[in-house]
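*Asks:* Got a predicted structure plus its sequence, pasted below:
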Amino acid sequence: MNVYQFSVEKQDGNQLSLDIFKGKVLLIVNTATGCGFTPQYKGLQDLYLRYRDEGFEILDFPCNQFKNQAPGSAEEINNFCNLNYQTSFPRFQKINVNGKKADPLYTWLKEAKGGILSKDIKWNFTKFLLDKEGHVMKRYSPQTSPQDIEKDIQELLK
């Protein structure tokens, strides 16, 4: 199984098949605008600008499951990210990453690469790095800065 078998909900409510990202290295991140890790948006944007022309994409999934840190509408979240961090990578509908209503993509990601002690996502800005074939290669904690992932991205882009 790989990521290309999933569809996600775009911000306009339409479905998008992730097979449009075939052949690209993907970093999938659950995010929040009111989190202590929110400044990571800058590092994510820097990585995106540096490597997107080489076949790198970041897929941003806002998540409000952790202390209500992403309470805004899609428009409010976009405005915040654009104004404060000038993000230009794809952002999707707000999702759940844990529990009975967890998005199927995140259920699969967690099965592919479990965390320490449990598979559940512990907080926003948990990151999954996928290779060009759509397989999960690594899972990073929220504390892992985007810059600390750069060498792994470079390796997968070779």
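*Replies:* Now that the structure is in, tell me what you want to look at. The structure displayed is predicted, hence computed values, not measured ones.
*Asks:* In space, what's closest to residue 48 - neighbours in sequence excluded?
*Replies:* Nearest non-adjacent residue to residue 48, counting by C-beta to C-beta, 6 or more residues apart in numbering: residue 89, 4.6 Å away. Quick note: C-beta positions are derived from backbone N, CA and C, even for glycine.
*Asks:* cool, and residue 69?
*Replies:* Sequence neighbours aside, residue 32 is the residue nearest to residue 69 in space, at 3.8 Å (criterion: C-beta to C-beta, 6+ apart).
*Asks:* rewinding a little: the residue nearest to residue 48: what's it in contact with?
*Replies:* By C-beta atoms under 8 Å, 6 or more residues apart in numbering, residue 89 lies in contact with 44, 45, 48, 52, 57, 58, 59, 60.
*Asks:* Which residue comes closest to the fourth one once chain neighbours are left out?
*Replies:* Looking back up the chat, that one is residue 52. Nearest non-adjacent residue to residue 52, counting by C-beta to C-beta, 6+ apart: residue 89, 7.8 Å away.
*Asks:* Assumed the one you found was part of a strand.
*Replies:* No: counting by DSSP: H, G, I helix; E, B strand; the rest coil, residue 89 is not part of a strand but coil.
*Asks:* can you map out the helices along this structure?
*Replies:* Counting by DSSP state H, the chain has these helices, from start to end: 40-51, 74-85, 104-112, 150-157.
*Asks:* of all these, which lies closest to residue 139?
*Replies:* helix 104-112 (7.7 Å; C-beta to C-beta).
*Asks:* Against residue 99, how distant is the residue nearest to residue 48?
*Replies:* Distance of residue 89 to residue 99, computed by C-beta to C-beta, to the nearest Å: 26 Å.
*Asks:* coming back round to it: let me have the helices of the chain in JSON lines, adding mean neighbour count, distance to residue 68 and mean pLDDT as columns.
*Replies:* Converted to JSON lines, the helices of the chain look like this (neighbours: other C-beta atoms under 10 Å; distance: least, C-beta to C-beta, whole Å; pLDDT from 0 to 100):
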{"stretch": "helix 40-51", "mean neighbour count": "18", "distance to residue 68": "18", "mean pLDDT": "98"}
{"stretch": "helix 74-85", "mean neighbour count": "15", "distance to residue 68": "13", "mean pLDDT": "95"}
{"stretch": "helix 104-112", "mean neighbour count": "18", "distance to residue 68": "19", "mean pLDDT": "96"}
{"stretch": "helix 150-157", "mean neighbour count": "15", "distance to residue 68": "31", "mean pLDDT": "98"}
